[in-house]
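S.K.: Dropping the sequence and predicted coords here.
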Amino acid sequence: MRDIVALVGGIPRAHRAVLAMGHSAVLVVRRSDLSPDLARLPVEEIVLLEEEDDAALAVAALERQLTAADAGLSHCVAFHDDYHELASRIADSFGLPYYVNPHSVRDTKDKARARAIADRLGPAPRRHHAFRHPAEVAAHMDGVSEWVVKPVSGVSSRSVTPVRSHAALRAAVEAAPETTEWLLEERLTGAEYSVEAWSVEGEHHVLGITARRSFPGTFVPMEHVFPARLTPQEAGTVEEFVGRFLTEAGATNGPAHVEVIVQDGRVDLIECQLRLGGGGICELVRLTRGVDLLHEAAVQALGGSVDPEAWPPAEGVAVSTFVHGHLPGGRVASNGVPASVTRLPGVRAVDAQWQVGAESRALSSGADRWMSLTTTGADEDAARTRTDEALAQLDLRLRVNAGDAH
Ligand SMILES: Nc1ncnc2c1ncn2[C@@H]1O[C@H](COP(=O)(O)OP(=O)(O)O)[C@@H](O)[C@H]1O
Ligand SMILES: [Mg+2]
């Protein structure tokens, strides 16, 4: 009988890494998550689940596909943190081991639970409250001058808002009626980093630390620098925090993306996701450390051994810069990338996210950014110089009616 792998959920590039290893596969995904990239994967079948379907229905559908294909299930893998729970239940039904601890995923994806885990690490808990209706927290806002209100399971900085009053909190919540569960937490200040880590049988390895800066006045990332310029002592403090956090969260295997903020030497949690980092961070790791994290994730998910300590050290520095412009009522007139820009030394990627003709949008989440530009250099300054040279040559314009502006 043939062996088939069940690829559960999203992250098509990780699924492709499994397929590139020569496996035949069936994709299992919720209908609402079936993106064009997933639909194009060269799998034998796609099992589509409705939102309300549980693991038992997924298993029954998969069994029908396997019988029809006269095949057995050799592995069940997921790379998207929304799907580990389902994938682990499917694996269980087929008597297969599952490499990620689904409880640790649930406890970190939920930012209120992750906050509680960070609080257990000390030295002193931060003020925070999970809520559904603003009235629940009205009596709890005294004593902290600034808070951040955010969805308990948000992405791309969507609806993350600093608030100083209950009225402002109410306005933030009313502006996002689709969000039902919220977290209110003390606003922390300091330098922000994201930490890419990798767990192997409960041992945590830090692959590197990325410095992050947001667009002024927003929480939307404007720049990533990998590896961040830190003293060994600063890096050690961050690594130690991340290791303790992942242990406390019960992470067992697989990648982790941990966002932290450092204020007066104290490291604190912003959020932790037990998956590969988004926002192009895997690419920054590949460009500097020469390791393909998608491939490594595929190897580990399939039960192979990975050894993060053996991956080559970083050489040079990679910088990703995001571009955004806004003109109320305007449209994108040009986001041209001349070939001469992509050929500039050190320019590694220019990704236009917006199409010409798209309506200009104010910056309220990562999805509103126009484009990203990634460069490398011997050090951070060299990479930045190349970024500046490339930006100067890009043709980025917005237009309202006949008038031009930027
Ligand atoms: N408690 C906080 N204090 C200060 N800044 C915060 C806090 N929580 C979130 N932020 C800022 O908002 C950004 C987005 O919040 P985050 O929890 O990472 O949500 P998302 O999952 O949408 O990325 C963070 O990168 C950080 O800049
Ligand atoms: Mg974040």
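M.R.: Nice, thanks for sending it over. Ligands and ions are numbered 1, 2, ... in the order given.
S.K.: Now do the buried residues in the helix or strand harbouring Ala116.
M.R.: With secondary structure defined by DSSP states H and E, Ala116 is part of helix 111-120. The neighbour-count check on helix 111-120 (16 or more other C-beta atoms under 10 Å) flags 111-115, 117-118 as buried. The C-beta positions use only the backbone N, C-alpha and C, and glycine is treated the same way.
S.K.: for Pro345, what are its contacts?
M.R.: By C-beta atoms under 8 Å, 6 or more residues apart in numbering, the contact set of Pro345 is Arg386.
S.K.: helix/strand/coil for it?
M.R.: Using DSSP: H, G, I helix; E, B strand; the rest coil, the structure places Pro345 in coil.
S.K.: Look at it and report its pLDDT.
M.R.: As predicted, Pro345 sits at a pLDDT of 92.
S.K.: what's the nearest residue to Arg384 if we skip its chain neighbours?
M.R.: Leaving aside its chain neighbours, Arg384 sits nearest to Val319 (6.0 Å; criterion: C-beta to C-beta, 6 or more residues apart in numbering).
S.K.: tell me which element the one you found falls in.
M.R.: Secondary structure (DSSP H and E) places Val319 in strand 317-323.
S.K.: do that strand and ligand 1 meet?
M.R.: No: on the criterion C-beta under 6 Å from any ligand atom, strand 317-323 is out of touch with ligand 1, staying 13.1 Å away.
S.K.: Get me the contact residues on this structure for ligand 1.
M.R.: Residues of the chain lying near ligand 1 (C-beta under 6 Å from any ligand atom): 111, 148, 150, 154-158, 160, 185, 187-188, 192, 214, 219, 259, 270-271.
S.K.: Inside helices: which ones of these?
M.R.: In helices, defined here by DSSP state H, the members of the residues of the chain next to ligand 1 are Lys111.
S.K.: Of the residues of the chain next to ligand 1, just the buried ones, PyMOL syntax please.
M.R.: One line in PyMOL is enough to select the buried members of the residues of the chain next to ligand 1, burial here meaning 16+ other C-beta under 10 Å:
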select buried, resi 111+148+150+154+156+157+158+160+185+188+192+219+259+270+271
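S.K.: Restricted to strands, list the residues of the chain next to ligand 1.
M.R.: When those are checked against strands (DSSP state E), the matches are 148, 150, 185, 192, 214, 259, 270-271.
S.K.: Which pLDDT does the model give the residue nearest to Arg384?
M.R.: 98.
S.K.: same deal with the one 4 residues further on?
M.R.: Per-residue confidence at Val323 stands at 92 (pLDDT).
S.K.: gap between the two ends of stretch 279-294?
M.R.: 14 Å (C-alpha to C-alpha, to the nearest Å).
S.K.: Likewise for stretch 213-232?
M.R.: End to end - C-alpha to C-alpha - stretch 213-232 spans 21 Å.
S.K.: what's the answer for stretch 5-25, then?
M.R.: Start-to-end, stretch 5-25 (C-alpha to C-alpha) is 5 Å.
S.K.: Give me the buried stretch members for that stretch, please.
M.R.: So stretch 5-25, judged by 16+ other C-beta under 10 Å, has buried residues 5-19, 23, 25.
S.K.: residue of the stretch 301-406 of the chain with the smallest distance to ligand 2?
M.R.: Residue nearest to ligand 2 within the stretch 301-406 of the chain: Gly366 (8.9 Å; C-beta to the ion).
S.K.: Setting aside sequence neighbours, what's the nearest residue to that residue?
M.R.: Nearest non-adjacent residue to Gly366, counting by C-beta to C-beta, 6+ apart: Ser156, 3.8 Å away.
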